[in-house]
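[1] Predicted model and sequence follow; I will ask about them next.
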Amino acid sequence: MAARRLRTALAVGAAAAVSVVLVAAVPAAAQASGGGGSPVVADFAVLIDRARCEAQAPLRAAMLPTAGNSVSGYVLMSPLWQEETSTCLTSVKASLTDLPTPNVAHGLHIHTFGDTTKDDGTSAGGHFNPAEVEHALPHDAERHVGDMGNIEAGSDGTAEYDQTSELISLPNVVGRSVVVHADPDDGGQPTGNAGKRVAQGVLGYMQTE
């Protein structure tokens, strides 16, 4: 644990150091190029944003079944820098086994609370929705931060998920729950008609050793 904290601190410190060095260099670069609007200044800003993005620690949720189910697996979230748009995204990957209904999509969401004390999953609360907008699917621009759509079960009850999100911010979801539902999320209101909760797990910092 101490080693992981040290590595995280060093990564954040390195990003901060890069920011300080680059910010210090910006005025000189701007002056040399004749002032505002310099592409050099813009490039420095992108480098700072990228360093901050990639310094974020990944999160993992070990998925455990709710009562009457046997689902297991994990959900992994990590920072992903997108070169084309100079944007920090979040990569979301999941691997599950023993989903209750083969060949069916199962709703996959981030829920508000990191509380898994109730064996039906309801102590996790509702979808994480800090902007207080309506529920939607991942292809919709306006949706809950927790709206990750569906994970498709194969004929053997296993499922893989590999998507990116522009809404999920790792510091904002650490300590919150990921929930898998029995039915597909159809995008309906208020939460996608995805049925009962069949698995749950809390997003936390990973042990990297």
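    Yes, it's here. Numbering: from 1, shown residues only.

[2] so for the helix or strand encompassing Asp49, what's the average pLDDT?
    Taking DSSP states H and E as the criterion, Asp49 maps to helix 39-54. The average pLDDT within helix 39-54 is 86.

[3] That one packs against which elements?
    helix 2-32, strand 72-82, strand 87-97 (3 or more Cβ pairs under 8 Å, 6 or more residues apart in numbering; DSSP states H and E). All C-beta spots, glycine's among them, are computed from the backbone N, C-alpha and C.

[4] now the last one: how far from the chain's centre is it?
    Yep, that's strand 87-97 we're talking about. 6 Å (Cα atoms, centre = their mean, to the nearest Å).

[5] try stretch 80-92
    12 Å.

[6] which residues of this structure score low on pLDDT?
    1-41, 209 (pLDDT under 70).

[7] domain ranges for it?
    As assigned by automatic domain parsing, the chain contains the domains 2-54, 59-205.

[8] Determine how far stretch 156-170 lies from the middle of the whole chain.
    The mean C-alpha position of stretch 156-170 is separated from the chain mean by 8 Å, Cα atoms, centre = their mean.

[9] who's in contact with that stretch?
    56-59, 75, 77-80, 82, 87, 89-100, 102, 106, 108, 110, 138, 143, 145, 148-149, 151-153 (Cβ atoms under 8 Å, 6 or more residues apart in numbering).

[10] returning to that earlier point: in a markdown table, list the domains of the chain along with mean neighbour count.
    Shown next, in a markdown table, are those (neighbours: other Cβ atoms under 10 Å):
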| stretch | mean neighbour count |
| --- | --- |
| domain 2-54 | 13 |
| domain 59-205 | 18 |
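
[11] quick one: contacts of stretch 69-82?
    By Cβ under 8 Å, 6+ apart, the list of residues contacting stretch 69-82 reads 50, 53-56, 58-65, 87-100, 108, 161, 164, 168, 170, 173, 178, 180, 198-199, 201, 203, 206.

[12] For that stretch, C-alpha coordinates in PDB please.
    Below are the C-alpha coordinates for stretch 69-82, written out as PDB (Å, rounded to 0.1, in the frame of the first residue of the first chain):
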ATOM      1  CA  ASN A  69     -26.700 -14.800  -8.700                       C
ATOM      2  CA  SER A  70     -23.200 -16.000  -9.400                       C
ATOM      3  CA  VAL A  71     -21.700 -13.300 -11.500                       C
ATOM      4  CA  SER A  72     -18.000 -12.500 -11.000                       C
ATOM      5  CA  GLY A  73     -15.400 -10.500 -12.800                       C
ATOM      6  CA  TYR A  74     -14.000  -7.000 -12.900                       C
ATOM      7  CA  VAL A  75     -14.400  -3.500 -14.300                       C
ATOM      8  CA  LEU A  76     -11.300  -1.500 -15.000                       C
ATOM      9  CA  MET A  77     -11.100   2.300 -15.700                       C
ATOM     10  CA  SER A  78      -7.900   4.100 -16.800                       C
ATOM     11  CA  PRO A  79      -7.000   7.400 -18.300                       C
ATOM     12  CA  LEU A  80      -6.700   7.600 -22.100                       C
ATOM     13  CA  TRP A  81      -5.200  10.500 -24.000                       C
ATOM     14  CA  GLN A  82      -6.800  11.100 -27.400                       C
END
